[in-house]
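1. would you be able to build a 3D model of this:
(one chain, ligands or ions: 1)
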Amino acid sequence: MNLVQRPRRLRTQPTLRKMVRETRVDSSSLIYPLFVKEGKNITEEISAMPGQYRYSVDTLPYELERLSKAGVGAVMLFGIPEKKDELASGAWAENGIVQQALQTAKRQFPDLYYITDVCLCEYTSHGHCGMLCGDQVDNDRTLPVLAKTALSHVQAGADMVAPSDMMDGRVAAIRTLLDQNHYENIPILSYAVKYSSAFYGPFREAAGSAPCFGDRKSYQMDYHNKKEAVKEAALDLKEGADILMVKPALSYLDVIKTVEERFDVPVAAYSVSGEYAMIKAAAKNGWIDEEAVVCETTASVFRAGADLLLTYYAKELAQFISEGRIG
Ligand code: PBG
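-> Residues are numbered from 1 along each chain as shown. The predicted structure is shown next:
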């Protein structure tokens, strides 16, 4: 056959395949989500997320040590308070669970980078992400509470804050309050494009944050929409977001690509609890090769255009990368 172009030529050897690889995965792009719970001596496995745990402040350092040994440099902290109330007081309390965790973690592992999830659903008695007015989530009354929460995280040592509530105007509210308190160098990673997704199911079990009535469709996005993703991202950027996040990841690769193309800021993607649970469950049954699927799905998120990835597989990935099995 007289073929001038033979794409297979570049696939003949492993070294060559690696050389011409278009997407590279690096541990410095990974962020590990971590659950911290009020109490003592807690290391509780999350049933829908085998291999993921809730830690108390005293057991957290063991996990931080494992992460830093594995080569994961950044974590996203989620808090699980003992008591919840209508005002989400645990979210912004000086001795709240995330605030306590930050103080201990920063002291013991100052080289790790600490991002905090800023939301109220783990702290409200009703499980919604904001203040209620009747059975509606009141956007404008929620903003000062979110800003107060972000500020208290920063005062406790957070390096970056990540609002995930999907209230309109929250990035501006947080940026303003941080600046007023001279934290103008603390970046905001905005969950700008967060869809209302069934893939959050295991997380809500992990954090005990399922809404006790209704759903989150009046504030999180409808998954049929993509133009709306551009609208949300543009607004957050204007309000002062430094990094834009798309969430979930795997079913939203087209959205990641669009956001990456349209905006000149780093784009993060969150491979959420349900994505993790699906891979774990299938692997446990022997139906898929866990490592191969983790590497393939991870590469796909970066190929789509993500610069950063939040993933429950961060530790394993860091190991695969260091052993040259992905990268
Ligand atoms: C808080 C929050 C959620 C997740 C991240 N931040 C849950 C939700 O919106 O219901 C989901 C993360 C995951 O599923 O891994 N609002």
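2. in the stretch 51-200 of the chain, which spans are strands?
-> Per DSSP state E, counting those that start in this stretch, the stretch 51-200 of the chain carries strands over the ranges 74-80, 113-118, 132-133, 136-137, 160-163, 189-194.
3. with mean neighbour count and mean pLDDT added, can I get these in JSON lines?
-> Placement of C-beta: from N, CA and C, glycine included. Formatted as JSON lines, the strands of the stretch 51-200 of the chain follow (neighbours: other Cβ atoms under 10 Å; pLDDT from 0 to 100):
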{"stretch": "strand 74-80", "mean neighbour count": "23", "mean pLDDT": "98"}
{"stretch": "strand 113-118", "mean neighbour count": "24", "mean pLDDT": "98"}
{"stretch": "strand 132-133", "mean neighbour count": "14", "mean pLDDT": "92"}
{"stretch": "strand 136-137", "mean neighbour count": "18", "mean pLDDT": "94"}
{"stretch": "strand 160-163", "mean neighbour count": "25", "mean pLDDT": "98"}
{"stretch": "strand 189-194", "mean neighbour count": "28", "mean pLDDT": "98"}
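4. mind putting these into a markdown table with distance to Phe35?
-> A markdown table is the format used below for these (distance: least, Cβ to Cβ, whole Å):
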| stretch | distance to Phe35 |
| --- | --- |
| strand 74-80 | 5 |
| strand 113-118 | 10 |
| strand 132-133 | 25 |
| strand 136-137 | 23 |
| strand 160-163 | 15 |
| strand 189-194 | 17 |
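5. so which of those is nearest the ligand?
-> The ligand sits nearest to strand 113-118 of all these, at 5.2 Å, using Cβ to the nearest ligand atom.
6. what's the closest one packed up against?
-> When contacts are defined as 3 or more Cβ pairs under 8 Å, 6 or more residues apart in numbering; DSSP states H and E, strand 113-118 sits against strand 74-80, helix 97-108, helix 139-155, strand 160-163.
7. that one pairs with which strands?
-> With DSSP bridges as the test, strand 113-118 is paired with strand 74-80 (parallel), strand 160-163 (parallel).
8. now the closest residue in space to Glu291 that isn't next to it in sequence: which helix or strand?
-> Leaving aside its chain neighbours, Glu291 sits nearest to Phe320 (6.7 Å; criterion: Cβ to Cβ, 6 or more residues apart in numbering). Following DSSP states H and E, one finds Phe320 within helix 314-322.
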